[in-house]
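**Student:** Next comes the sequence, and after it the predicted model I'd like to discuss.
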Amino acid sequence: MKTGYSGLFIPGPTNIPEKVMQAMTLHLEDMRAPDFGGFTLGLLNDLKKVFKTKTGQPMIFPCSGTGGWESALTNTLNPGDKILCSAFGQFSHLWADMCKRLGFEVVRLEVEWGKGVPVDEYQRILSEDKDHTIKAVLACQNETATGVTSDIAGVRKALDAAGHPALLFVDGVSSVGSIDFRMDEWGVDVVVSGSQKGFMLPTGLGIICVSEKAFEAHKSSKYPRCFFSWEDMSNSFKTGFFPYTPATTLLRGLRASLDMIEEEGLENVFARHKHLATGVRKAVDAWGLKLCAQGPEWYSDTVSAIMVPEGHDATKVIARGYERYQTSFGTGLSKVAGKVFRIGHLGWLNEIMVLQAVATAEMAMKDSGIPIELGSGVAATQTHFMQSNYGS
Ligand SMILES: *Cc1c(COP(=O)(O)O)cnc(C)c1O
């Protein structure tokens with residue numbers, strides 16, 4: 001029998017704060033009530049702060065992040081348009097694959113898993129594209145499968161250096177609200193996010209933000225769309241209403257989540273993620289293990305993909321954590337299946353929860369025959385937490 005809290009250390013869905021849970025414990029409400037529009041407009045306004053935009057327009061679809069990807073593509077482009085993208089993990093792969101499945105022409109750069117967006121390569125390709133046949137550039141800010149964060153400011157610089165007008169689309173599903181993201185400063189045209197990661201909510205809201213330039217492209221885009229139509233959504237959003245039934249319960253949760261982010265302070269939220277992630281990385285070092293991310297420039301502050309030594313199976317560690325210790329770690333996806341287990345350290349999390357994850361990972365690894373010293377990672381994490389100025 002299970003007692004107490006189960007540990008949830010997957011990189012989404014993440015732990016839901018009590019306040020957010022309570023905000024969602026309510027009777028269903030009238031989404032056409034006279035005051036509902038005002039409520040939505042307040043959410044949209046506060047989302048702008050999270051995306052760091054003044055001129056961008058946030059939109060909320062009742063879907064998961066994948067729907068946000070689709071919305072970005074089908075609302076701005078024309079059938080057969082060329083898209084530049086790169087694949088270095090399961091999520092960047094899936095978005096690129098979606099481009100292909102939707103019938104776009106895809107220039108897809110294969111990058112070793114453990115590295116991120118190849119900014120120099122992007123710049124070279126964009127510079128050579130003199131006729132501007134590439135209409136959109138995709139970048140996954142945080143590849144959740146490998147724990148790799150890419151340089152989005154760098155992608156903007158590459159576009160500018162090449163003098164290229166392509167739209168810049170960013171997957172921020174596991175970074176927005178946890179790792180710094182700057183829509184206006186980085187000239188991002190569409191950023192895609194979801195409710196179940198940094199926003200600390202259940203899955204079910206695809207939250208995107210659209211630049212004025214992307215809206216311009218929308219006007220001449222002939223790709224068929226219906227459910228994800230920006231035209232429908234933005235027209236009804238003028239008064240804060242939705243073109244179809246919104247996920248009202250989740251929107252109430254989003255209100256609470258945005259209030260919590262505001263109360264903590266967005267920059268403090270980022271600092272907390274960095275602090276906790278560093279604690280996890282100290283443990284990985286102490287275990288003598290390696291991250292999938294191939295160097296500090298790629299380290300993610302929301303998820304660490306930890307490589308088990310050759311000859312060991314990470315799947316066993318994950319199963320042991322779940323079955324014996326009531327704790328979930330993220331599994332290795334696709335190319336890294338069996339090679340990594342992931343500790344998600346994003347959302348509503350603190351130092352003692354991270355210590356719980358690290359201690360449990362040690363037991364599950366030791367039980368699975370991986371030669372680590374019990375307590376070594378815990379001590380390294382504790383030392384980091386005690387020595388840092390965080391929280392004092
Ligand atoms: C979770 C995630 C997604 C979206 O996945 P959904 O399951 O559709 O919400 C997309 N990209 C990244 C980087 C993610 O982590």
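**Tutor:** Good, I have the coordinates. Since the model is a prediction, treat every value here as computed from it, not as a measurement.
**Student:** Run a quick neighbour tally on Glu362.
**Tutor:** A count of nearby residues for Glu362, using other Cβ atoms under 10 Å, gives 21. Every residue, glycine included, has its C-beta placed from N, CA and C.
**Student:** so it is in which element?
**Tutor:** With elements delineated by DSSP states H and E, Glu362 resides in helix 351-367, which encompasses its position.
**Student:** For that helix, report the contacting residues that lie outside it.
**Tutor:** If you take Cβ atoms under 8 Å, 6 or more residues apart in numbering as the criterion, helix 351-367 is touched by 7, 9, 15, 275-276, 279-280, 283, 287, 306, 308, 317-318, 320-321, 324-325, 327, 329, 341, 343, 345, 372, 374-378, 381-382, 385, 391.
**Student:** Which of these fall within strands?
**Tutor:** 7, 9, 306, 327, 329, 341, 343 (DSSP state E).
**Student:** and the residues you listed, which two are the farthest apart?
**Tutor:** Between any two of the ones in strands among the contacts of helix 351-367, the greatest separation by Cβ to Cβ is 15.6 Å, found for Gly7 and Ile306.
**Student:** now the helix holding Glu362 against strand 340-344, angle please.
**Tutor:** Using axes from the mean of the first three to the mean of the last three Cα atoms, to 10 degrees, the direction of helix 351-367 lies 160 degrees away from that of strand 340-344.
**Student:** Just the mean pLDDT for helix 351-367, thanks.
**Tutor:** For helix 351-367, the per-residue pLDDT values average out at 98.
**Student:** residues in contact with whichever residue of the stretch 1-150 of the chain sits closest to the ligand?
**Tutor:** The stretch 1-150 of the chain approaches the ligand most closely through Gly65 (2.7 Å), counting by Cβ to the nearest ligand atom. Counting by Cβ under 8 Å, 6+ apart, Gly65 makes contact with 171, 173, 192-194, 206.
**Student:** List the beta-bridge partners for the nearest residue in space to it that is not next to it in sequence.
**Tutor:** Setting aside the residues directly before and after it, Gly65 is nearest to Gly194 in space (Cβ to Cβ, 6 or more residues apart in numbering), at 3.5 Å. Going by DSSP bridges, Gly194 is paired in beta bridges with Gly206.
**Student:** what about Gly194, neighbour count?
**Tutor:** The burial count for Gly194: 29, using other Cβ under 10 Å.
**Student:** Who are the contact partners of it?
**Tutor:** Contact criterion Cβ under 8 Å, 6+ apart gives 12, 64-65, 68, 173, 203, 205-207 as the residues in contact with Gly194.
**Student:** Identify, from those residues, the entry nearest to Ala139.
**Tutor:** Within those, the smallest distance to Ala139 is 12.4 Å, found for Val173 (Cβ to Cβ).
**Student:** Phi, psi for that closest one please.
**Tutor:** Phi and psi for Val173, reported as degrees, to the nearest 10, are phi -60, psi -40.
**Student:** Would you agree it is in contact with Ser193?
**Tutor:** Yes. Proximity of Val173 to Ser193 meets the contact threshold set by Cβ atoms under 8 Å, at 5.5 Å.
**Student:** Quick check: neighbours shared by those two?
**Tutor:** Contact criterion Cβ under 8 Å, 6+ apart; residues shared by Val173 and Ser193: 65, 68.
**Student:** what does the model give the residue lying closest to Leu289 once chain neighbours are set aside for pLDDT?
**Tutor:** The shortest distance from Leu289 to any residue that is not its chain neighbour, by Cβ to Cβ, 6+ apart, is 5.7 Å, and that residue is Ile306. In this model, Ile306 is scored at 98, pLDDT.
**Student:** tilt between the helix ranked longest in the chain and strand 340-344?
**Tutor:** Ordering each helix of the chain by length in residues (DSSP state H) puts helix 266-287 first. Inter-element angle recorded for helix 266-287 and strand 340-344: 150 degrees (by the same axes, to 10 degrees).
**Student:** Against which helices or strands is helix 266-287 packed?
**Tutor:** Using 3 or more Cβ pairs under 8 Å, 6 or more residues apart in numbering; DSSP states H and E as the contact test, the elements touching helix 266-287 are strand 290-291, strand 303-307, helix 351-367, helix 376-387.
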